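Chemist: No sequence on hand, only this structure:
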């Protein structure tokens with residue numbers, strides 16, 4: 001199994017740093033992201049005073065007299081869920097047991113070899129129950145034609161840029177999904193193939209069915225041919241989302257406006273739900289119905305976020321964001337003004353809004369919402385490559 005881990009390491013010397021670089025080239029960690037810093041345990045304490053700790057933190061300490069006190073200081077700034085691996089100066093079983101009792105995930109005496117690090121880091125998640133899981137964001141349109149798919153696609157792209165990690169977009173509109181066109185993808189297999197034999201679906205088959213848009217965004221596209229009639233079961237979708245959540249830092253579901261057992265179950269189980277509506281009475285009614293249906297099934301989970309799309313100030317036929325907030329008791333997370341030129345340019349070029357106009361207010365607002373949905377701080381390096389343009393796809 002290939003683990004997608006976010007690993008940050010604070011080393012005291014070049015030998016440990018070199019061993020870590022070699023470790024993440026090994027197949028089980030080849031899809032993980034490694035950040036290397038100098039200064040050891042002391043530097044880690046200062047670094048995370050104002051920043052969240054990563055999924056896995058490796059710290060090195062060369063002074064046995066300071067090891068315990070510095071680990072106590074690190075514990076004060078460590079967020080829950082971070083697994084800490086300590087590389088220390090002594091090979092002492094009593095020290096090992098003491099550190100395990102304190103909550104350290106593993107202790108390795110220096111010097112460390114790449115193989116030791118691979119075994120240690122993969123061993124942290126050997127139990128399937130402890131394996132890292134991505135957040136799942138489900139996007140749904142209050143009615144057909146609200147632009148929910150466009151919002152899902154742009155949120156997935158913006159989140160991948162924000163995180164600098166793998167994000168998977170799953171287009172579940174089998175007959176009429178637009179992901180192939182939106183990202184200008186050349187697909188050989190699709191989500192229909194993944195769902196056709198759910199009992200055979202594993203990470204290898206999932207990987208085969210997905211297409212890469214850039215360095216950090218993979219798309220499990222819908223065929224969009226109007227002929228796909230695969231029967232979708234709630235269990236099959238749940239299994240597919242579970243697999244995707246082991247393969248990425250974030251999973252975005254583009255759910256079509258089809259009310260069925262599988263779509264209701266996916267919306268109920270997602271960590272975040274984004275409902276896209278246009279500001280009219282029909283969307284207001286249907287959003288209210290959806291929230292009332294989901295409320296008892298999402299106890300303990302976050303409230304769905306509302307995106308009002310194609311809002312036109314001053315148009316009397318439209319409702320306002322205030323009307324939605326007062327009726328639904330939900331403040332819109334984002335109000336997107338009508339901008340046919342921007343959206344038309346992005347669609348024609350088969351690029352995302354942030355690629356066409358990065359500094360545009362709509363692009364920036366979507367990026368902020370994507371960052372909030374991801375639940376993580378930004379990666380320091382996140383420059384994925386872009387697509388090729390829709391006209392090029394049409395000319396092939």
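Modeler: Structure received. Quantities reported herein were computed from a predicted structural model and do not represent experimental measurements.
Chemist: which residues of the stretch 251-396 of the chain score low on pLDDT?
Modeler: Within the stretch 251-396 of the chain, the segments meeting pLDDT under 70 span 314-317, 377-396.
Chemist: mind listing the strands for it?
Modeler: Counting by DSSP state E, counting those that start in this stretch, residue ranges of the strands within the stretch 251-396 of the chain are 272-277, 305-311, 334-337.
Chemist: Any chance of CSV for those, columns distance to residue 193?
Modeler: Heads up, the C-betas are built off the backbone N, CA and C, glycines and all. Listed next are the strands of the stretch 251-396 of the chain as CSV, based on distance: least, Cβ to Cβ, whole Å:
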stretch, distance to residue 193
strand 272-277, 27
strand 305-311, 31
strand 334-337, 33
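Chemist: nearest to residue 113, of these?
Modeler: strand 272-277 (41.1 Å; Cβ to Cβ).
Chemist: from the middle of its chain, how far away would that closest one be?
Modeler: With Cα atoms, centre = their mean, to the nearest Å as the basis, strand 272-277 stands 16 Å off its chain's centre.
Chemist: and that strand, which strands flank it?
Modeler: Applying DSSP bridges, strand 272-277 is found paired with strand 135-141 (parallel), strand 305-311 (parallel).
Chemist: okay if I get those as CSV plus mean neighbour count and distance to residue 120?
Modeler: What follows is the strands paired with strand 272-277, written out as CSV (neighbours: other Cβ atoms under 10 Å; distance: least, Cβ to Cβ, whole Å):
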stretch, mean neighbour count, distance to residue 120
strand 135-141, 25, 26
strand 305-311, 22, 39
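Chemist: Include distance to residue 266 when you put those strands into JSON lines, please.
Modeler: Shown next, in JSON lines, are these (distance: least, Cβ to Cβ, whole Å):
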{"stretch": "strand 135-141", "distance to residue 266": "6"}
{"stretch": "strand 305-311", "distance to residue 266": "16"}
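Chemist: Can you name the residues that contact residue 68?
Modeler: residue 98 (Cβ atoms under 8 Å, 6 or more residues apart in numbering).
Chemist: any low-confidence regions in the stretch 101-250 of the chain?
Modeler: Scanning the stretch 101-250 of the chain for pLDDT under 70 picks out the ranges 127-132.
Chemist: Strands of that one, residue ranges please.
Modeler: Using DSSP E, counting those that start in this stretch, the strands of the stretch 101-250 of the chain run over residues 106-109, 135-141, 167-171, 211-212, 217-220, 250-255.
Chemist: So which of those strands is nearest residue 196?
Modeler: Judging the strands of the stretch 101-250 of the chain by Cβ to Cβ, what sits closest to residue 196 is strand 217-220, at 13.1 Å.
Chemist: Ends of stretch 208-219, what's the gap?
Modeler: 11 Å (Cα to Cα, to the nearest Å).
Chemist: Tell me which residues of it come out buried.
Modeler: 209, 210, 211, 213, 214, 216, 217, 218, 219 (16 or more other Cβ atoms under 10 Å).
Chemist: do the same with stretch 284-296
Modeler: By neighbour count on 16+ other Cβ under 10 Å, the buried set for stretch 284-296 is 284, 286, 287, 288, 290, 291, 294.
Chemist: which among the residues you listed gets closest to residue 200?
Modeler: Distance to residue 200 across the buried residues of stretch 284-296 (Cβ to Cβ) is lowest for residue 294, with 31.3 Å.
Chemist: what's that closest one in contact with, if anything?
Modeler: Neighbour list for residue 294: 264, 267, 268, 273, 304 [criterion: Cβ under 8 Å, 6+ apart].
Chemist: on that earlier part again, want to throw the strands of the stretch 101-250 of the chain into CSV with distance to residue 299?
Modeler: Shown next, in CSV, are those (distance: least, Cβ to Cβ, whole Å):
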stretch, distance to residue 299
strand 106-109, 36
strand 135-141, 16
strand 167-171, 25
strand 211-212, 36
strand 217-220, 29
strand 250-255, 20
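Chemist: Of those, which is nearest residue 325?
Modeler: With Cβ to Cβ, the closest approach to residue 325 among the strands of the stretch 101-250 of the chain belongs to strand 135-141: 18.9 Å.
Chemist: Burial check on residue 185, number of neighbours?
Modeler: Counted with other Cβ atoms under 10 Å, the neighbours of residue 185 add up to 19.
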